[in-house]
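Engineer: I'd like to go over a predicted model; first the sequence, then the structure.
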Amino acid sequence: MSTTNKIGWIGLGNMGNPMVKNLVKAGFEVTVYNRNPEKSKALQAEVKVEIAASLAELAGSSDFIFTMLSDDAALKEVYQSETGLLAAVQSHKFIAIDMSTVSPETTKILAALCREKGIDYLDAPVSGSVKPAEEAQLIILAGGEEAVYEKAKPMFAAMGKLSTLLGPNGAGNVAKLAINLFLGITAQGLAEAVIFAEKNGIQSSALLPLINAGAVGSGLTKLKTENIVSNNYKAAFALKLLAKDIRLATANGMDTPIGGALSQTLAGAVEKGFGEEDMIAVLRYLKA
């Protein structure tokens, strides 16, 4: 596949990096910008991308600009700072697509600011961590106008196995927070089951294959089995990011009992220094 659409990409973290690689593999022309230019240079050494020296340069040469950033503050900085994308908009217009996990309110604010500049905006967060990103198996949850979503679909197809439009701006964010709420509850439930079994003489190496073979087994339990058995907590999805997502869900009306308990657990785990580890390090925190 080849395309004449020029893509700008901001954010080359654990997720952004493989997502860009898949866009290039699909034949898209991609220019990247990262606050740390060394990340851009490292990616350029692996695949064919151009590097923008500034957000203004990226804004002036891109038909689509994707952002994949860590939180609301980083996203707002990219759009609203004095040297940000909105300040750079002149006659050339691009379609803005944010794939970060941020608050629906942030999305609505930025979408409104973009509309004032004549720019269409989609929120399109993803369900899936590093391995699905590497394998172009992400699930993409979009919010915005249908006509804009249709224009973005070929790019979504290069990065994921499924994309869907859920409603107006902010709908993608809400769906992502709901999924991550379930993700966190499942992770904590798995951790508590392992702790209970170990207290009573059954090791995780014996318990987890049984969980995975039964009705309560899932993609998550299977994915995290090796981490737990080998005591390897290198982050595929950092615990601090899950904690951030649950804070966002709470701010947007999540007030259920299990969600509240999860929020307390994750906050405690971050406070005790587990934030940079994988989310399943909730097990280490609960054992401590």
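Structural biologist: On my side now, so go ahead.
Engineer: which helix is the longest one in this protein?
Structural biologist: helix 171-199 (DSSP state H).
Engineer: give the buried residues for that helix.
Structural biologist: 171-177, 179-181, 183-188, 190-191, 193-194, 197 (16 or more other Cβ atoms under 10 Å). Yep, even glycine has a C-beta here, placed from its N, CA and C like the rest.
Engineer: average pLDDT for it?
Structural biologist: Mean per-residue pLDDT for helix 171-199: 98.
Engineer: give me the contact list for the very next helix or strand once past that helix.
Structural biologist: Next helix or strand after helix 171-199 toward the C-terminus (DSSP states H and E): helix 204-213. Here helix 204-213 makes contact (Cβ atoms under 8 Å, 6 or more residues apart in numbering) with 190, 193-194, 197-198, 217, 221-222, 225, 228-229.
Engineer: so which of those residues is the closest to A157?
Structural biologist: K222 (25.8 Å; Cβ to Cβ).
Engineer: just how off-centre is the host helix or strand of the closest one within its chain?
Structural biologist: Assignment of secondary structure by DSSP H and E places K222 within helix 219-230. Centroid separation for helix 219-230 versus its chain: 20 Å, with Cα atoms, centre = their mean, to the nearest Å.
Engineer: buried set for it?
Structural biologist: Of all the residues in helix 219-230, those buried under the rule 16+ other Cβ under 10 Å are 220-221, 224-225, 227-229.
Engineer: what's the closest of those residues to R247?
Structural biologist: L220 (20.8 Å).
Engineer: if I look at the closest residue to E198 other than its chain neighbours, how far off is T225?
Structural biologist: Among residues not flanking E198 along the chain, S204 sits closest, at 6.6 Å (Cβ to Cβ, 6 or more residues apart in numbering). Here the distance between S204 and T225 works out to 8 Å (Cβ to Cβ, to the nearest Å).
Engineer: tell me how many other residues crowd the spatially closest residue to T4 that is not a sequence neighbour.
Structural biologist: Nearest residue to T4 in three dimensions, chain neighbours excluded: E29, at 7.7 Å (Cβ to Cβ, 6+ apart). Counted with other Cβ atoms under 10 Å, residues neighbouring E29 total 18.
Engineer: hmm, E276 is touching A235, no?
Structural biologist: Yes - using Cβ atoms under 8 Å, E276 makes contact with A235 at a distance of 6.4 Å.
Engineer: neighbour count for the two, which is higher?
Structural biologist: Higher neighbour count among E276 and A235: A235, with 18 against 14, using other Cβ under 10 Å.
Engineer: what's the distance between the more buried one and A281?
Structural biologist: For A235 relative to A281 (Cβ to Cβ), the value is 8 Å.
Engineer: and if you look at A147?
Structural biologist: 43 Å.
Engineer: more neighbours: which of the two?
Structural biologist: A281 (24 against 8).
Engineer: domains for this protein, by residue range?
Structural biologist: Here the domain parsing of the chain from automatic domain parsing is 6-168, 174-287.
Engineer: how about R115, secondary structure?
Structural biologist: Of the three states, R115 takes helix under DSSP: H, G, I helix; E, B strand; the rest coil.
Engineer: strands along this structure, start to end?
Structural biologist: For the chain, applying DSSP state E gives strands covering 6-10, 29-33, 50-51, 64-67, 95-98, 121-123, 126-127, 138-142, 160-165.
Engineer: report the rounded mean pLDDT for the second one.
Structural biologist: Model confidence over strand 29-33, given as mean pLDDT, is 97.
Engineer: and that strand, what does it pack onto?
Structural biologist: strand 6-10, helix 16-25, helix 37-44, strand 50-51, helix 55-61 (3 or more Cβ pairs under 8 Å, 6 or more residues apart in numbering; DSSP states H and E).
Engineer: same check on the fourth one?
Structural biologist: Helices and strands in packing contact with strand 64-67 are listed as strand 6-10, strand 95-98, helix 146-159; criterion 3+ Cβ pairs under 8 Å, 6+ apart.
Engineer: so what's the gap between the last one and the chain middle?
Structural biologist: Read that as helix 146-159. 17 Å.
Engineer: stretch 140-157 now?
Structural biologist: Counting by Cα atoms, centre = their mean, stretch 140-157 is centred 16 Å from the centre of its parent chain.
Engineer: just the C-alpha atoms of it, please, in PDB.
Structural biologist: Output of stretch 140-157 as PDB, limited to C-alpha atoms (Å, rounded to 0.1, in the frame of the first residue of the first chain):
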ATOM      1  CA  ILE A 140      -8.700   1.800  18.300                       C
ATOM      2  CA  LEU A 141     -11.500   3.700  20.000                       C
ATOM      3  CA  ALA A 142     -12.500   6.800  18.200                       C
ATOM      4  CA  GLY A 143     -14.600   9.900  19.100                       C
ATOM      5  CA  GLY A 144     -15.400  12.600  16.600                       C
ATOM      6  CA  GLU A 145     -17.200  13.200  13.300                       C
ATOM      7  CA  GLU A 146     -17.800  10.200  11.100                       C
ATOM      8  CA  ALA A 147     -16.400  11.900   8.000                       C
ATOM      9  CA  VAL A 148     -13.100  12.600   9.800                       C
ATOM     10  CA  TYR A 149     -13.000   9.000  11.100                       C
ATOM     11  CA  GLU A 150     -13.400   7.600   7.600                       C
ATOM     12  CA  LYS A 151     -10.400   9.600   6.500                       C
ATOM     13  CA  ALA A 152      -8.300   8.200   9.300                       C
ATOM     14  CA  LYS A 153      -9.400   4.500   8.900                       C
ATOM     15  CA  PRO A 154      -6.600   3.500   6.500                       C
ATOM     16  CA  MET A 155      -4.000   4.700   9.100                       C
ATOM     17  CA  PHE A 156      -5.900   3.000  11.900                       C
ATOM     18  CA  ALA A 157      -5.900  -0.200   9.800                       C
END
